[in-house]
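A.B. asks: Pasting the sequence and the predicted coordinates here, then a few questions.
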Amino acid sequence: MSETQGPESGGGGGTRPVPVIEQAGSDLDQSASAASYDPPPTLADDTRATRFWSSRRVPATVLALVILGGAGLLLYDIAAVRAGHSAMAWRRDVARELAERPLDSTSVLVGAGVAAAAGVWLIVLAATPGLRAVLAMRRGDPEVRAGLDRRAAAMVLRDRAMDVSGVQSVRVRMTRSKVDVHAISHFRELDDVRGDLDATLADGIKDLGLGRGPALSVRVARPGRKG
């Protein structure tokens, strides 16, 4: 495919073909990139950013109330028996059931399963930091700790991405170890938009000041056809 140009100023009535480059639209329907960078190091080993630990107020409160109620009721019944009163009916029933019911009974297995699940749940709560929505930031002072909400960080990166020319909409999903960006571009070459997003978002992640820099994955696509 070509178009003609008028006579050259030097003479001669010949024409010179001007090449026109055509690009198939299917090659530009979608473009993806997985970019990584080296996050800035922490200032010192003793100021290394660590995750925030949850106070676990709700599980601790529930467990404390259950134990307190059960222990108080049991101690009251024991004191009543020592004072010459008969034991409560529930304690006699529990003692009889424990002595007579076989261990392979359905109720015993269900109760044991519930107790084991509750124990594992409490161990996990005690051994894991929690607060996954808070990202630890670099520590410039050993006495000061700072954290950044994960949704707020994703919103900051989304605003930075929207400033890139050609970007129509952006969706940012941020975890502790990775930032997934899905952008829609309505003009410009997709590879150019993706390259600008890679550079802009990498700088944006560094500016967040996180103690552990997440990896960056960028995907750019054209808007879907209507109808």
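C.D. replies: Alright, I've got the coordinates. Numbers count the residues shown, from 1 in each chain.
A.B. asks: so where's the longest helix in the protein?
C.D. replies: helix 57-82 (DSSP state H).
A.B. asks: now that helix, how far from the chain's geometric center?
C.D. replies: 39 Å (C-alpha atoms, centre = their mean, to the nearest Å).
A.B. asks: what does stretch 176-187 give?
C.D. replies: Using C-alpha atoms, centre = their mean, the offset of stretch 176-187 from its chain centre is 14 Å.
A.B. asks: Can you tell me what sits against that stretch?
C.D. replies: 132, 135, 150, 154, 157, 161, 164, 166-174, 193-194, 197, 201, 205, 212, 214-223 (C-beta atoms under 8 Å, 6 or more residues apart in numbering). Bear in mind the C-beta positions are built from the backbone N, C-alpha and C, glycine included.
A.B. asks: could you pull out the helices for the chain?
C.D. replies: Under DSSP H, the chain gives helices at 57-82, 89-100, 106-127, 150-162, 190-207.
A.B. asks: Spatially central residue for the chain, please.
C.D. replies: Thr175 (2.7 Å; C-alpha atoms, centre = their mean).
A.B. asks: Disregarding residues adjacent in the polypeptide, which is nearest to that one?
C.D. replies: Pro214 (6.9 Å; C-beta to C-beta, 6 or more residues apart in numbering).
A.B. asks: Look up phi and psi at that neighbour.
C.D. replies: Torsion angles at Pro214 (phi, psi; degrees, to the nearest 10) stand at phi -80, psi 160.
A.B. asks: neighbours around it, how many?
C.D. replies: 19 (other C-beta atoms under 10 Å).
A.B. asks: For it, give me its contacts.
C.D. replies: Neighbour list for Pro214: Met174, Thr175, Arg176, Ser177, Lys178, Val179, Ile205 [criterion: C-beta under 8 Å, 6+ apart].
A.B. asks: Could you list the buried residues of stretch 173-190?
C.D. replies: Met174, Val179, Asp180, Val181, Ala183, Ile184, Ser185, Leu190 (16 or more other C-beta atoms under 10 Å).
A.B. asks: partner residues bridging the second one?
C.D. replies: Partner residues in beta bridges with Val179: Met174, Leu216, with DSSP bridges as the criterion.
A.B. asks: distance of it from Pro59?
C.D. replies: The gap separating Val179 from Pro59 is 31 Å, by C-beta to C-beta, to the nearest Å.
A.B. asks: same deal with the fifth one?
C.D. replies: In this structure, Ala183 and Pro59 are 40 Å apart, going by C-beta to C-beta.
A.B. asks: could you point out where this protein is predicted with low confidence?
C.D. replies: The chain contains residues with pLDDT under 70 at 1-49, 225-227.
A.B. asks: what's the domain layout of it?
C.D. replies: Using automatic domain parsing, the domain parsing of the chain gives 30-51+135-221, 57-127.
A.B. asks: Buried deepest among these, which one?
C.D. replies: Comparing the domains of the chain by mean neighbour count (mean count of other C-beta atoms under 10 Å), domain 30-51+135-221 ranks first with a mean of 16.
A.B. asks: from the contacts of Pro214, which single one is nearest Leu122?
C.D. replies: Arg176 (23.6 Å; C-beta to C-beta).
A.B. asks: Next, work out how far apart that closest one and Ile184 are.
C.D. replies: Distance from Arg176 to Ile184, by C-beta to C-beta: 26 Å.
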